Each structure stands twice: as structure tokens, then as C-alpha cells.
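[1] sequence and predicted structure are below.
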Amino acid sequence: MTAVLTRSTPPPARPVPPVLAPPGRDLFIDVLRLFGTALVVLQHWSMPVLSLAGDRITTGNALAAGNAWAITWISQVMPLVFFAGGAAGAISHRAALRRGDGSPAWLAARLRRLAWPVLPLAAVWLPLPHLLLALGLPSQPVVTASRLAGQLLWFLAVYLIAVAATPLMLRLGAAYGLRVPAALAAGAVVVDVLRFACGLEVAGWANIGLVWLAVHQLGFLYADGRLDLPRTRLWGMAAAGYGLAALLVALGPYPGSMIGMPGAAVSNMAPPTVALLAVGTGQIGLALALRRQIGALARRPAAARALGWAGPRMMTVYLWHMSALFCVTAVVVVGLGVPTPEPGSAAWLSGWPLWLAALVLVLWPLLRGLSRFEEPPAAAPYRGGTVRIAAALTLAGAGLLVLTVSGFAPGPWPVLGSGLLVGGLLLTRSTGSRWILGN
């Protein structure tokens with residue numbers, strides 16, 4: 001009897017299930033938010049040109065060298081961040097309405113999520129400058145760092161305006177669609193004419209609302225599916241945005257950089273200009289044109305794990321990355337007296353990875369210890385009504401604005417700003433409810 005040897009066929013490999021976004025999540029928007037936060041941090045960590053003269057620290061901007069300002073047409077991602085925030089806000093608001101929560105309850109929840117992570121920042125930075133000065137550290141570096149630690153809060157102050165306007169702007173968007181961001185953009189053009197042609201400089205600050213609400217409104221339209229356009233039109237949107245920005249810079253009073261530069265007479269960022277809005281439109285068109293590829297990347301297991309890990313920590317990274325920069329600067333520049341090499345030089349390029357590694361090492365324990373504050377403590381559902389939540393938003397917004405202007409430099413203003421912020425948070429509580437710490 002002859003044995004017949006046969007090669008067994010291995011069972012077919014089980015298909016790897018696709019990584020899906022959790023219910024109510026949009027992976028494309030999550031990627032934009034993560035990309036925006038990462039690029040903000042990278043830019044803030046890479047720009048400073050630092051040196052110590054006596055007991056004073058001087059700062060410059062590496063992107064001011066040569067044509068490096070062109071990088072800001074990609075790295076200035078705040079328009080993308082507001083666009084992604086608008087889309088996420090629209091999705092969240094509609095989910096709240098389906099659950100039976102009204103707009104005031106949604107606003108209270110959003111305010112708590114935005115303001116709560118700021119409390120540990122204030123708890124550390126309010127006493128820290130006094131402690132460092134008492135230990136004999138030079139006054140100018142300490143005061144400079146304490147001011148800059150609060151300037152980051154400008155984003156939350158402006159974003160809170162966009163959040164407060166969300167219920168109204170969603171209704172306008174449903175009724176008028178693209179005409180709403182178009183009207184906001186037209187208003188921004190009028191403001192820039194008043195600012196640059198008529199010399200009414202103070203009018204420019206109105207664009208804080210008009211420019212940022214315009215890109216925020218585009219996020220609403222994305223959430224509605226109204227930006228599900230053919231890719232040719234999205235590429236056209238990107239080209240039109242960047243092309244208009246190039247014309248404005250070439251022919252108008254606008255600087256090339258989309259961030260403020262040392263000594264520049266005009267900033268496209270503070271207050272925002274039509275040039276920045278044009279670049280933002282180009283960025284949004286580019287992102288939407290690449291949406292399919294971005295979504296495919298986000299569904300890969302490694303990318304999905306990265307998104308899942310980073311999502312609950314992005315606010316902590318944003319709020320504390322400048323503190324990490326101050327720590328490393330204190331050791332390297334102030335303590336060791338090592339200045340930043342000439343931007344773009346071989347020494348700068350070779351030292352840049354080491355600089356970033358040192359910053360990550362300092363940020364890591366801050367991230368581990370403070371990311372728990374991203375989620376506010378449990379509280380009873382808000383039942384306070386519209387007037388009370390309007391007062392809460394006003395107090396919290398005023399507190400963030402005060403901290404943006406004053407930072408945490410020694411004086412009464414940081415205490416006032418922190419107190420206003422806490423007052424706004426307290427008004428989001430329903431009568432008789434208590435926050436449950438640790439949940």
C-alpha cells in the first residue's frame with residue numbers, strides 16, 4: 001500500500017476588520033485636529049532664536065530668515081483647527097439635540113470641556129513667577145515666560161466666541177448655506193479696507209470674529225455634507241484660496257508671513273486679515289481634496305491607535321508645550337549660556353532634533369500627570385437656562401481674555417482672570433449639584 005503525500009492547503013487568512021471611528025466621530029476631522037495641534041507645537045518649538053545678554057533673554061523668529069516665511073502658508077494651521085472645530089461642534093450639537101438636551105445644556109458642557117484644563121495651568125503659573133523671583137532668578141526671563149504662558153489662551157477665548165455662536169450660526173447655515181461664510185468674508189474685506197485704506201486701525205479687530213467665524217462656518221457646511229464636492233472643484237478651491245493670498249501679498253499691504261514677525265508693521269494674524277482667510281480657504285480646499293487619502297491613512301491600525309491615544313491629550317499638549325519650552329530654555333540658554341545657532345545653519349539643523357527631543361522629554365511627565373484634566377468632573381445635567389449660560393460664557397471669555405493679555409506675570413490681573421474663569425465654570429452647575437472629583 002503506497003502512501004500518498006499531499007500538501008495541505010492552509011486556511012485562508014482572516015481579513016483584518018477595518019478600524020472604524022466610534023459613533024459620532026469623523027476620522028477625517030480627528031486627523032485635522034491632531035495635525036493642527038502637532039504643527040502648532042512644532043512651530044512654537046522651532047521658531048525661537050534665543051540668547052542671553054547679561055540677565056536679559058532676547059528672542060527672535062527663525063522663520064524671519066530669508067524666505068522661510070513661506071512655510072507659514074502651511075504651518076499656520078489655525079484656520080484648519082477652527083474648520084475642524086466647527087465640524088465637530090455641529091456633530092456634537094445635533095447629537096445633544098437628539099438626546100433631548102437643549103442648546104444651553106450643550107453650551108454648558110462645551111464650556112466645561114474648554115475651561116477645565118486651564119485650571120491646573122493657572123494653579124501652577126499664578127504662584128510660579130513669585131517663587132522663581134524669590135529664588136533669585138533674573139526678573140526679565142521670568143516675567144517674559146509668565147506672560148507667554150498665558151498668551152496661548154487667545155485661541156480658547158476666540159474659540160469660545162465661536163462655540164457661543166454655534167446654535168445661531170447652525171440655524172443660519174441651514175437656511176442660507178454658503179451665503180453665510182461668504183457674507184462673513186465680505187465683512188472681513190470691508191474691515192481690511194477700513195484698516196488699510198482709511199487708516200482706521202482699530203477696525204481690524206472686528207476680523208477676530210469675522211475671519212474665524214467664516215472658517216468655523218465652513219466646518220458646519222462640511223458636517224451637513226454641503227462640501228462633498230467633486231475633487232476638481234476642491235482642487236479649484238485650494239488653488240483659488242492660495243492664488244488670492246498670493247495676489248493680496250504681491251499687490252496689497254499684507255506681509256507674506258501668516259504669523260506675526262518681529263519688527264513687522266503689519267501682522268496677518270493679530271488681528272487676522274483677508275490674506276489669512278484666503279490661505280485658510282486654500283488649506284481647507286486642499287484637505288478636502290485629500291480627504292479620501294487622509295481617511296484611508298486614519299483607518300490603518302497604527303494611525304487609529306495614535307489618534308485614540310492623542311485625542312484625549314491634545315488640549316494638555318497645547319496648554320503645556322510652552323511650559324516645556326521655558327524649562328528647556330532655562331537650562332540651556334539661561335543656565336548653560338548656550339544661544340540658538342544661526343537659523344538654517346549646519347549647527348541649527350544638527351541641533352534641532354536634539355532640541356525637540358529635550359522638549360518632548362520635559363513635556364512627557366507633564367502630559368502623564370495633567371491629561372486627566374481634559375475630562376471635567378461629573379456634574380448633574382445643566383438646567384440653568386439661556387440667561388445663566390450667557391453669563392457663564394461671558395465671565396469665562398472675559399477671564400480667558402484677561403489671561404491672554406496679561407499672562408501670569410506678577411500682578412492682580414492674572415488673579416482676576418482666573419477668578420472670572422472659575423466664576424464662569426461655577427455658573428454651569430445646576431443648582432444643588434456637585435462636581436464629583438476623580439470621575
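    Perfect, I can see it now.
[2] continuing past the one helix or strand Asn207 maps to, what's the next helix or strand?
    Element membership of Asn207, judged by DSSP states H and E, is helix 207-224. Next helix or strand after helix 207-224 toward the C-terminus (DSSP H and E): helix 231-251.
[3] between helix 207-224 and that next one, find me the angle.
    Orientation check (axes from the mean of the first three to the mean of the last three C-alpha atoms, to 10 degrees): helix 231-251 against helix 207-224 gives 170 degrees.
[4] can you spell out which helices and strands pack onto helix 231-251?
    The contact analysis (3 or more C-beta pairs under 8 Å, 6 or more residues apart in numbering; DSSP states H and E) places helix 231-251 against helix 274-289. Placement of C-beta: from N, CA and C, glycine included.
[5] coming back round to it: how far does the helix holding Asn207 sit from its chain's centre?
    14 Å (C-alpha atoms, centre = their mean, to the nearest Å).
[6] ok, stretch 300-308 next?
    That offset, for stretch 300-308, works out to 21 Å (C-alpha atoms, centre = their mean).
[7] and the average pLDDT for it is what?
    When pLDDT is averaged over stretch 300-308, the result is 92.
[8] CA-only coordinates of that stretch in PDB, if you can.
    The C-alpha trace of stretch 300-308 is given here as PDB (Å, rounded to 0.1, in the frame of the first residue of the first chain):
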ATOM      1  CA  ARG A 300      -4.800  51.900   9.400                       C
ATOM      2  CA  PRO A 301      -4.300  50.200  12.800                       C
ATOM      3  CA  ALA A 302      -1.200  52.200  13.800                       C
ATOM      4  CA  ALA A 303      -2.700  55.500  12.800                       C
ATOM      5  CA  ALA A 304      -6.000  54.600  14.600                       C
ATOM      6  CA  ARG A 305      -4.100  53.800  17.800                       C
ATOM      7  CA  ALA A 306      -2.200  57.100  17.500                       C
ATOM      8  CA  LEU A 307      -5.500  59.000  17.100                       C
ATOM      9  CA  GLY A 308      -7.000  57.200  20.000                       C
END
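[9] list the buried residues in it.
    Judged by neighbour count using 16 or more other C-beta atoms under 10 Å, the buried positions of stretch 300-308 are Ala303, Ala304, Leu307.
[10] for those, which one is nearest Arg179?
    For these, the residue nearest Arg179 by C-beta to C-beta is Leu307; the value is 34.0 Å.
[11] which pLDDT value goes with the residue lying closest to the closest one once chain neighbours are set aside?
    Excluding its sequence neighbours, the residue lying closest to Leu307 (C-beta to C-beta, 6 or more residues apart in numbering) is Asp30, at 5.3 Å. As predicted, Asp30 sits at a pLDDT of 94.
[12] same check, this time on Val415
    Model confidence at Val415 (pLDDT) stands at 97.
[13] verify the contact between it and Pro127 for me.
    No. At 10.6 Å, Val415 does not count as touching Pro127 under the criterion of C-beta atoms under 8 Å.
[14] need the contact partners of the biggest helix by length in the chain.
    What stands out as the longest helix in the chain, according to DSSP state H, is helix 346-370. Residues outside helix 346-370 that contact it (C-beta atoms under 8 Å, 6 or more residues apart in numbering) are 42, 45-46, 62, 117, 120, 313, 316-317, 320-321, 323-325, 327-328, 332, 340-342.
[15] over to stretch 87-105?
    24, 26, 29, 33, 106, 109-110, 162-163, 166-167, 170, 216, 219-220, 222-224, 381-386, 388-389.
[16] same check on stretch 228-236?
    Leu227, Met237, Gly285, Leu288, Ala289.
[17] now do 6 Å
    Gly285, Leu288, Ala289 (C-beta atoms under 6 Å, 6 or more residues apart in numbering).
[18] pretty sure the first one sits against Tyr242.
    So the one you mean is Gly285. No. Using C-beta atoms under 6 Å, Gly285 is not in contact with Tyr242; the gap is 8.5 Å.
[19] neighbour count: those two, which is higher?
    Gly285 (23 against 18; other C-beta atoms under 10 Å).
[20] in contact with the more buried one, which residues?
    Per C-beta under 6 Å, 6+ apart, neighbours of Gly285: Leu234, Met237, Ala238, Gly241.
[21] and Val77, how many neighbours does it have?
    For Val77, using other C-beta under 10 Å, the count is 24.
[22] confirm that Val49 sits in a strand.
    Yes. Applying DSSP: H, G, I helix; E, B strand; the rest coil, one finds Val49 inside a strand.
[23] which residues does it bridge with?
    Gly60 (DSSP bridges).
[24] hmm, Ala65 and it touching each other?
    No. Look at Val49 against Ala65 with C-beta under 6 Å: they stay out of range, at 8.6 Å.
[25] neighbour count winner among these two?
    Remark: of Val49 and Ala65, Val49 carries more neighbours, 19 against 15, as counted by other C-beta under 10 Å.
[26] what's Ala90 sitting at in phi/psi?
    When read as degrees, to the nearest 10, the backbone of Ala90 gives phi -60, psi -40.
[27] could you measure from it over to Ile208?
    Per C-beta to C-beta, to the nearest Å, Ala90 is found 21 Å from Ile208.
[28] residues contacting the residue lying closest to Gln76 once chain neighbours are set aside?
    Here the nearest residue to Gln76 in space, its sequence neighbours aside, is Met258; by C-beta to C-beta, 6+ apart that works out to 3.8 Å. Contact analysis of Met258 by C-beta under 6 Å, 6+ apart lists Thr72, Gln76, Asn268, Leu276, Val279.
[29] show me the two of these that sit farthest apart.
    Longest span within the contacts of Met258, C-beta to C-beta: Thr72 and Leu276, 9.6 Å.
[30] that older thread, is it true that the residue nearest to Gln76 lies in a helix?
    No. Going by three-state DSSP, the assignment for Met258 is coil, not a helix.
[31] roughly how far apart are it and Gln43?
    11 Å.
[32] in a markdown table: the contacts of stretch 228-236, plus distance to Arg147 and pLDDT.
    A markdown table is the format used below for the contacts of stretch 228-236 (distance: C-beta to C-beta, whole Å; pLDDT from 0 to 100):
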| residue | distance to Arg147 | pLDDT |
| --- | --- | --- |
| Gly285 | 36 | 97 |
| Leu288 | 38 | 97 |
| Ala289 | 40 | 97 |
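[33] mind putting these into CSV with distance to Val202?
    Shown next, in CSV, are the contacts of stretch 228-236 (distance: C-beta to C-beta, whole Å):
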residue, distance to Val202
Gly285, 32
Leu288, 35
Ala289, 38
